[in-house]
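*Asks:* Provided below are the primary sequence and the corresponding predicted coordinates.
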Amino acid sequence: MRAIVFDGQTLSLRADYPTPVPDDDEVLVRVRRAGVCETDLQLIKGYMGFHGVLGHEFVGVAESGPLKGRRVVSEINCNCGTCTTCDAGRPSHCPDRTVLGILNHDGAFADYIAVPLRNLHAVPDAISDDEAVFTEPLAAAFQIPAQVPIDHDDRVVVLGDGRLGNLCAQVLARITKYVTVVGKHPEKLALLQSPPDGGDYIAPAATALLFEFEPSRDYDVVVDCTGSPTGLPTALSLVRPRGTIVLKTTVAGEQTMAWAPIVIDEVTIVGSRCGPFDRALKALDANQVSVLPMISARYNLSDGLAAIDRASGKTTMKVLLDIQ
Ligand SMILES: [Zn+2]
Ligand SMILES: [Zn+2]
């Protein structure tokens, strides 16, 4: 089968990659469409030391099992199901987990992927393939309210106008009317004003360009979606004493900064990763979120290297891969 493979040094398109053979608890999924994510770009820079087929945001058709013939999306953490962490209800933190396209498990930039049956969710008919590709990052955005209590009058800043910042802003705008999205690109910020057809979309209250934004240290919650080492220091300059910073960004390599202000101001820092797929599918099904305006380009899997190159462009939002 075709696959986009990173060997630790170089990225290549392979025509002869072996089709995965599913384990007993796994299902073979024929991939229809996949999305390129910031994490993929970080992996190519050495994050996680990943080797194998990239790609973890996708929709496909189950080839076997109880969902055979259905369109499916897949949670990305493959847990063991038997350790104390899994038993304690934290399967996404299973120490023996693999992660699709990120950690010891081949991903979805390929004709086929093998995934555990328990990771799969059937996609409602009303959700198109293009929309379904956003399920995984949208679920990650819904992880914020799952972790941090946010009040309807909390003042929230989302730092970053890229793919994840956009989705987090949309999710948070449904909770509080005081969401400000701060970015560097007017055309990306403008996408937040594009409601989907039907549904009850709620746009964030305000957008601002970073260089024009007047910082004041009175925000209850600041969400860092910048993908940049400068995100956390910027968030610290905005959050109020005893406020909360949510880190959605994973940056390859080390970061240094002064930690004393976090102690002095008793700031809570919350790391936030994967989230609830059922919640994301529900929001897509009800047109509560607007994802299609984020699609900047689409490529066939056979042009996958060009797609990944395009995804790293400064003005690019989401790049999709058409696979079948
Ligand atoms: Zn991703
Ligand atoms: Zn486990």
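*Replies:* Looks like it came in fine. Numbers count the residues shown, from 1 in each chain. Ligands and ions are numbered 1, 2, ... in the order given.

*Asks:* The residue in the stretch 151-300 of the chain positioned nearest to ligand 1 sits in which helix or strand?
*Replies:* Nearest residue of the stretch 151-300 of the chain to ligand 1 (C-beta to the ion) works out as Leu164 at 7.8 Å. All C-beta spots, glycine's among them, are computed from the backbone N, C-alpha and C. Assigned by DSSP states H and E, Leu164 belongs to helix 163-173.

*Asks:* any residues touching that helix, and which ones?
*Replies:* 37-38, 134, 137-138, 140-142, 144-145, 150, 156, 158-159, 179, 181, 183, 188, 191-192, 201-205, 223, 225-227, 248, 283, 289-291, 294, 317-318 (C-beta atoms under 8 Å, 6 or more residues apart in numbering).

*Asks:* neighbours of the closest residue in space to Glu63 that isn't next to it in sequence, just the number please.
*Replies:* Using C-beta to C-beta, 6 or more residues apart in numbering and skipping residues adjacent in sequence, the residue nearest Glu63 is Leu28, 4.4 Å away. Other residues near Leu28 come to 19 when the count uses other C-beta atoms under 10 Å.

*Asks:* isn't Leu28 right up against Pro20?
*Replies:* Yes - with contact defined as C-beta atoms under 8 Å, Leu28 reaches Pro20; the gap is 6.8 Å.

*Asks:* shared neighbours, these two?
*Replies:* Shared contacts of Leu28 and Pro20, counting by C-beta under 8 Å, 6+ apart, come down to 112-114.

*Asks:* hmm, back to that, strand partners of the helix or strand following the helix holding Leu164, parallel vs antiparallel please.
*Replies:* Using DSSP H and E, the helix or strand that follows helix 163-173 in sequence is strand 178-183. Paired neighbours of strand 178-183 in the sheet (DSSP bridges): strand 155-159 (parallel), strand 206-209 (parallel).

*Asks:* Need the contact partners of the last one.
*Replies:* If I follow you right, that is strand 206-209. 161, 179-184, 186, 189-190, 192.

*Asks:* buried sites along that strand?
*Replies:* Buried residues in strand 206-209, defined by neighbour count with 16 or more other C-beta atoms under 10 Å: Thr207.

*Asks:* Could you pull up the mean pLDDT of that strand?
*Replies:* What strand 206-209 shows for mean pLDDT is 96.

*Asks:* again, but for stretch 107-117
*Replies:* 98.

*Asks:* Over to that stretch now: how far is its first residue from its last?
*Replies:* 15 Å (C-alpha to C-alpha, to the nearest Å).

*Asks:* Same question for stretch 31-49.
*Replies:* With C-alpha to C-alpha as the measure, stretch 31-49 spans 25 Å from end to end.

*Asks:* repeat for stretch 218-232
*Replies:* 16 Å.

*Asks:* just stretch 83-94 next, same as before
*Replies:* Span of stretch 83-94 from end to end, C-alpha to C-alpha: 7 Å.

*Asks:* Nearest to ligand 2 within the stretch 151-300 of the chain, name that residue for me.
*Replies:* Closest point on the stretch 151-300 of the chain to ligand 2, by C-beta to the ion, is Cys274, at 14.9 Å.

*Asks:* my guess is Pro293 meets Leu191, correct?
*Replies:* Yes - between Pro293 and Leu191 there is a contact at 4.8 Å, judged by C-beta under 8 Å.

*Asks:* hang on, the earlier thing: can you pick the most crowded of the shared contacts of Leu28 and Pro20?
*Replies:* Ile113 (30 neighbours).

*Asks:* How is that residue assigned, secondary-structure-wise?
*Replies:* Per DSSP: H, G, I helix; E, B strand; the rest coil, the secondary structure class of Ile113 is strand.
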